[in-house]
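**Student:** this is the structure alone, sequence omitted:
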């Protein structure tokens, strides 16, 4: 029987959800049973042999519902293989360099350390100006954040394939 994997995510405008969808799709193509769900809709974890959790990052923080999910499920997550991903910066180049070394929210790092994720990655995100609020548009303009979709589908696919390989 194939390992059942949960891909749980928190996304504000859909870019992180798209990454999670791609991850789940690659895992399914590799022969794994992969369920996809927003973190705030996950009700149980006991039926999963592995879990991937991700969130959009705003001002160095995971979305509230993702942080709450990680904290509330710390014990269960520490019992199975877990992978963590964040998405956020736009533009070209290494997202960690763009974010001055940021890989994961500092306030959640102790929880992550107790969970012992197999890997933690940070992917580029996307900004579609028509989807954001006026205050966010002003912040984006002030930061001169590049607009558009900067998600690196090859890197996302390769990471998902590495998860599948580890689980087989």
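**Tutor:** Received it, and whenever you're ready, just let me know what you need. Keep in mind that this is a model prediction, so the values were computed, not measured.

**Student:** residues contacting residue 163?
**Tutor:** Going by Cβ atoms under 8 Å, 6 or more residues apart in numbering, residue 163 touches 5, 23, 27, 50, 52, 83, 118, 119. Yep, even glycine has a C-beta here, placed from its N, CA and C like the rest.

**Student:** any chance of those in CSV, with neighbour count and distance to residue 76 too?
**Tutor:** Output for the contacts of residue 163, formatted as CSV (neighbours: other Cβ atoms under 10 Å; distance: Cβ to Cβ, whole Å):
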residue, neighbour count, distance to residue 76
5, 27, 14
23, 27, 20
27, 25, 19
50, 21, 12
52, 27, 14
83, 23, 15
118, 15, 16
119, 14, 19
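
**Student:** filter the residues you listed down to just the ones in strands.
**Tutor:** Of these, the ones assigned to strands by DSSP state E are 5, 50, 52, 83, 119.

**Student:** quick one, helices of this structure?
**Tutor:** Under the criterion DSSP state H, the chain contains helices at 15-29, 64-72, 74-77, 95-98, 109-115, 134-143, 153-167.

**Student:** just name the most buried of those helices.
**Tutor:** Ranked by mean neighbour count, the helices of the chain are led by helix 15-29 with a mean of 21 (mean count of other Cβ atoms under 10 Å).

**Student:** that one to helix 153-167, inter-axis angle?
**Tutor:** 50 degrees (axes from the mean of the first three to the mean of the last three Cα atoms, to 10 degrees).

**Student:** so where's this structure uncertain?
**Tutor:** 1-2 (pLDDT under 70).

**Student:** hmm, back to that, with respect to residue 96, which of the ones in strands among the contacts of residue 163 is nearest?
**Tutor:** Nearest to residue 96 among the ones in strands among the contacts of residue 163 is residue 119, at 13.4 Å by Cβ to Cβ.

**Student:** list the contacts of the closest one.
**Tutor:** By Cβ under 8 Å, 6+ apart, residue 119 lies in contact with 83, 84, 159, 162, 163.

**Student:** please repeat the previous calculation with a cut-off of 6 Å.
**Tutor:** residue 83 (Cβ atoms under 6 Å, 6 or more residues apart in numbering).

**Student:** can you tell me how far it is from residue 83?
**Tutor:** Distance, residue 119 to residue 83, by Cβ to Cβ, to the nearest Å: 5 Å.
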